[in-house]
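Undergrad: Using only what follows, build the 3D model:
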Amino acid sequence: MFLSNFDVHLDKPTEKDLGGSKAAKSNSTSQSYKEYTKDEVALHKRTDCWIIIKEKVYDVTSYVEEHPGGDAILTHAGDDSTEGFFGPQHATRVFKMIDDFCIGELIC
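TA: Below you'll find the predicted structure:
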């Protein structure tokens with residue numbers, strides 16, 4: 001698995017990259033999201049993979065084997081992955097596709 005399969009951009013994502021597209025908006029408004037505590041998310045790090053990015057919860061279990069960075073996606077399984085997600089290694093397309101994995105929001 002190599003990053004060469006993607007266009008790597010070192011720029012920070014724009015608002016459009018973070019879900020400003022029509023497809024992402026229609027997807028997010030048609031779904032009913034649950035609220036999860038950090039303790040609930042922490043339970044999903046062995047047989048499945050949930051991550052937190054900017055206070056939203058994502059079930060990326062189905063993406064783990066496709067992840068171009070290999071097991072790096074598992075580094076923060078069940079925990080906050082915001083810093084790693086916004087690292088320079090990600091192509092802008094990852095900012096568009098992440099909404100497909102959103103299952104809810106983090107609550108205190």
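Undergrad: switch to C-alpha atoms for all contacts and neighbour counts from now on
TA: OK.
Undergrad: Report the secondary structure state of the one residue sitting closest to the centre of the chain.
TA: Centrality entry for the chain: nearest residue to the mean C-alpha point is residue 98, 4.6 Å, by CA atoms, centre = their mean. Reducing the assignment at residue 98 to three states with DSSP: H, G, I helix; E, B strand; the rest coil gives helix.
Undergrad: Please report how far it lies from residue 108.
TA: Relative to residue 108, residue 98 is positioned 22 Å away (CA to CA, to the nearest Å).
Undergrad: Between the two ends of stretch 68-78, how far is it?
TA: Start-to-end span of stretch 68-78 (CA to CA) is 19 Å.
Undergrad: Sort out which residues of stretch 77-88 are buried, please.
TA: Across stretch 77-88, burial judged by 16 or more other CA atoms under 10 Å covers 77-81, 85-86.
Undergrad: What of stretch 64-78?
TA: Judged by neighbour count (16+ other CA under 10 Å), stretch 64-78 contains these buried residues: 64, 67-68, 73-74, 76-78.
Undergrad: and which of those residues is nearest residue 40?
TA: Among these, residue 78 lies closest to residue 40 (CA to CA), at 8.4 Å.
Undergrad: give me every residue that touches the residue nearest to the closest one when sequence neighbours are not counted.
TA: Counting by CA to CA, 6 or more residues apart in numbering, the nearest residue to residue 78 once its immediate chain neighbours are dropped is residue 42, at 4.0 Å. Under the criterion of CA atoms under 8 Å, 6 or more residues apart in numbering, the neighbours of residue 42 are 50, 77-79.
Undergrad: which one among those gets closest to residue 90?
TA: Of all those, the one with the least separation from residue 90 (CA to CA) is residue 77, at 17.4 Å.
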